[in-house]
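Participant: return atomic coordinates for the entry below.
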Amino acid sequence: MAVLVKKPDSTLIEVDISPKAIGQECLDMVCKKLGTIENDYFGLQYMGKKGEVLWLNLRNPINGQVPGPLPIRLHLRVKFHLQPHLLLQEVTRHLVYQDVKLEIAEEKLKVSSEKDMARVSALVAQAEQGDFQQGVKYNYFMAERKCEEFETTVLAEHARLRGMTPNTAQYQFLQETSGFDNYGLEMYDAKDQHGENCCVGVGPQGVFLFGAEVTQKTNLQLIVEVSTNNRSCSISYFEEGGEAVNPLNMTFKLVSKEAAEGLYRAITEKHAFFNCETVNPPVRSQFVRDLKGSFISLFNENSDLGKRYSFDVKRTWREAHDATRRKLFVTGQSGASCLHEENSMSLQELQKETEDLHDTTDPKVLQEKLRHIQGAMQCKVCMDALLSTALLPCGHLVCESCADRLDSCPQCRAAIEQRLRVYLPTGVMMMSE
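Facilitator: Okay, the predicted model is just below:
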């Protein structure tokens, strides 16, 4: 059975799967073709019967979920948005970059100010079109929806980015956008309990209610219970800082039963993924059966016939991150190379590279070796400033600015007990500058 999967950049991938295949098999094949092993952060979307966008449940058969004729058409999108320094593969960061760029174009991710949008557009131009050159006409991201003054601002921002590599520009783009209030929100159109149109957003920060006059946020930890009844989804929660003994309630009516179940899944899965130490067994094993499966279960309780899992979150972000580090280690890549492969180098390798510069006269070889040395001296968090501070007790290096903002090491997640100023060799500093 052929399945067409659209990437965030609108290109198509065709995979051939069994008619009885579950969603996870399809996602694994797509990720394998793309070269990423960080599958946990991605999901497959499809269009419901009423035009609603729904996540494919990866633990259930595809043919029982997606309506419409063959071939099945799905969209590869980011389901769980992590901070960019936690993404270990360059190809994963590139896919997330494409997804976030699409969310901005679709106006799902709101950019709060023109200045922020200009900065984001300039980073896209640097990543995709290279250094600014006078007299060249650039097609700036989102410029067609803005004014001429906006394009002038983007042009000036683009000129300031000269020399930044495409990978660094994409990384900086993700750093900028991950700081926006609604980064990683999954949006659902609904009606509130008063019949007014509203939008419910679910993300790592909590559940957001965007109404006509008010925006309300509820932390995921304060939610007591989520339930569905046909097209309705109800949320019981405690108010932050409130003194109420009994929880408050919000009820939303969505366009379809599937959309209501999607909102229910989003809240439960994001809470498990971002806030729990491990996915609780009741979440991992919750399922329903169809009529035939329910009948068979009377005679064989362990039968999988007719079983449909409610959730497909299998690991928390910490577990997914650690599993990826182990896989990369087995394939010969170190933890430092996970953060930025081309910028990983031990002190012994750095010394050898520096010595080798004197043993060759080939300009291309010299330029490539110098690029590696410069990369090794860059902070792996901001990918901009030079390494200058050691985080103790783990000993990993970052720049002074990033060290002041971090509570835990970005490479090994160890708690930071002390920050120690370090001084790089003078010769390397001169070459890096």
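
Participant: how about the strands in the stretch 1-150 of the chain?
Facilitator: With strands called from DSSP state E, counting those that start in this stretch, the stretch 1-150 of the chain shows them at 2-6, 12-16, 42-47, 53-55, 72-78.

Participant: of those, which is nearest residue 33?
Facilitator: When the strands of the stretch 1-150 of the chain are compared by CB to CB, strand 12-16 sits nearest residue 33, at 5.9 Å. Every C-beta, even on glycine, is put in place using the N, C-alpha and C of the backbone.

Participant: adjacent strands (with direction) for that closest one?
Facilitator: With DSSP bridges as the test, strand 12-16 is paired with strand 2-6 (antiparallel).

Participant: angle of the partner strand against strand 72-78?
Facilitator: 40 degrees (axes from the mean of the first three to the mean of the last three CA atoms, to 10 degrees).

Participant: and strand 2-6, how far out from the chain middle?
Facilitator: The chain centre lies 22 Å from the centre of strand 2-6; the measure is CA atoms, centre = their mean, to the nearest Å.

Participant: residues contacting the residue most central in space within the chain?
Facilitator: Compute the mean C-alpha point of the chain, and by CA atoms, centre = their mean the closest residue is residue 81, 2.9 Å away. For residue 81, the contacting residues are 41, 96, 100, 178, 183-184, 203-204, by CB atoms under 8 Å, 6 or more residues apart in numbering.

Participant: what does residue 26 give?
Facilitator: 3, 5, 15, 17, 44, 56, 62, 74.

Participant: what comes up buried for the biggest helix by length in the chain?
Facilitator: Looking across the chain with DSSP state H, the single longest helix is helix 257-275. Neighbour counts over helix 257-275 (16 or more other CB atoms under 10 Å) mark 257-274 as buried.

Participant: likewise stretch 20-31?
Facilitator: Within stretch 20-31, the residues that count as buried by 16+ other CB under 10 Å are 21-27, 29-31.

Participant: stretch 72-91 too?
Facilitator: For stretch 72-91, burial by neighbour count (16+ other CB under 10 Å) applies to 72, 74-90.

Participant: and the strands of the stretch 1-150 of the chain: which comes nearest residue 315?
Facilitator: The closest of the strands of the stretch 1-150 of the chain to residue 315 is strand 42-47. By CB to CB, the value is 13.1 Å.

Participant: ok, that closest one: who's next to it in the sheet?
Facilitator: Strand 42-47 has its sheet partners listed here by DSSP bridges as strand 53-55 (antiparallel), strand 72-78 (antiparallel).

Participant: who touches that strand?
Facilitator: 5, 23, 26-27, 30-31, 36, 53-56, 58, 65-66, 68, 72-79, 95.

Participant: now do stretch 143-154
Facilitator: Residues outside stretch 143-154 that contact it (CB under 8 Å, 6+ apart) are 114-115, 117-118, 121-122, 125, 140.

Participant: try it again with 10 Å
Facilitator: 105, 107, 114-115, 117-125, 138, 140-142, 155 (CB atoms under 10 Å, 6 or more residues apart in numbering).

Participant: can you pull the buried residues of that stretch?
Facilitator: Using 16+ other CB under 10 Å as the burial criterion, the residues of stretch 143-154 that qualify are 143, 146, 150-151, 153-154.
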